[in-house]
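Q: Sequence unavailable; structure follows:
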């Protein structure tokens, strides 16, 4: 009988060892840190307003940060100067020019469009379409997005704008790029995720 008891105890050792091993593996899996999402390094942003009825009529407004992710912020270099009662398509050139050659961050945003959205705000009724003052303060307010991600949610690399018939001097036009990995939904707001940049340009409509 003593021999049988010893055999049973020895036979249990592999089972106990396997249980300890599995417990250890499960603990290791639990302790794996969550994936970190790096912020884009952006040194140059250019807003490009193209007249829908005259492709040669283009308005540029730029911001630049020569030290990238250093202590300096993006600095506004130009005002947004548009004509009254005209329709424009706004696109962007977004670059990291610390790289050689420069890295096109706009292409990266387009490739990762399910993680990004550009929000806008502007002087009240500066535009006849969209009306209002933009969607930074209220994400459900109207913006004419021309592009959506694979889930049908807006991106903002291309948008449509029609200026009002009245002039405006010294108004504002703000663009805010949000990085929203794993949190972008149809109800995302300008405060969801992390801000890659927020730029407030002077807006003149003459």
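A: Structure's in. What do you need? All of these numbers come straight from a predicted model, not from anything done at the bench.

Q: what are the ranges of the helices in the protein?
A: All helices of the chain, identified by DSSP state H, fall at 2-30, 105-111.

Q: Check these for me: which has the lowest mean pLDDT.
A: In terms of mean pLDDT, the lowest-scoring of the helices of the chain is helix 2-30 (a mean of 47).

Q: Can you give me the neighbour number for residue 132?
A: For residue 132, the tally of surrounding residues (other Cβ atoms under 10 Å) stands at 16. Using the backbone N, CA and C atoms, a C-beta is placed for each residue, glycine as well.

Q: and residue 82, how many neighbours does it have?
A: Around residue 82 there are 24 other residues, counting by other Cβ under 10 Å.

Q: and the gap between residue 126 and residue 160?
A: Distance, residue 126 to residue 160, by Cβ to Cβ, to the nearest Å: 14 Å.

Q: neighbour count winner among the two?
A: More crowded of residue 126 and residue 160, by other Cβ under 10 Å: residue 126, with 24 against 16.

Q: my guess is that one meets residue 171, correct?
A: Yes: assessed by Cβ atoms under 8 Å, residue 126 is found in contact with residue 171 at 5.5 Å.

Q: Common neighbours of the two, please.
A: The contact sets of residue 126 and residue 171 overlap at 203, 205 (Cβ atoms under 8 Å, 6 or more residues apart in numbering).

Q: residue ranges of the strands in the protein, please?
A: 44-51, 58-64, 75-76, 80-82, 87-96, 103-104, 116-122, 127-129, 144-145, 158-163, 168-179, 194-205 (DSSP state E).

Q: chain center to the first one: distance?
A: For strand 44-51, the distance between its averaged C-alpha position and the chain's averaged C-alpha position is 17 Å (Cα atoms, centre = their mean, to the nearest Å).

Q: how many degrees apart are it and strand 194-205 in direction?
A: 40 degrees (axes from the mean of the first three to the mean of the last three Cα atoms, to 10 degrees).

Q: I'd like to know how far the closest residue to residue 118 other than its chain neighbours sits from residue 176.
A: If the residues on either side of it in the chain are set aside, residue 118 comes closest to residue 156, at 2.9 Å by Cβ to Cβ, 6 or more residues apart in numbering. Noted for residue 156: a distance of 9 Å to residue 176, by Cβ to Cβ.

Q: now residue 140
A: 16 Å.

Q: who has more neighbours, the two?
A: Neighbours per residue (other Cβ under 10 Å) separate residue 140 from residue 176, with residue 176 holding more: 21 against 9.
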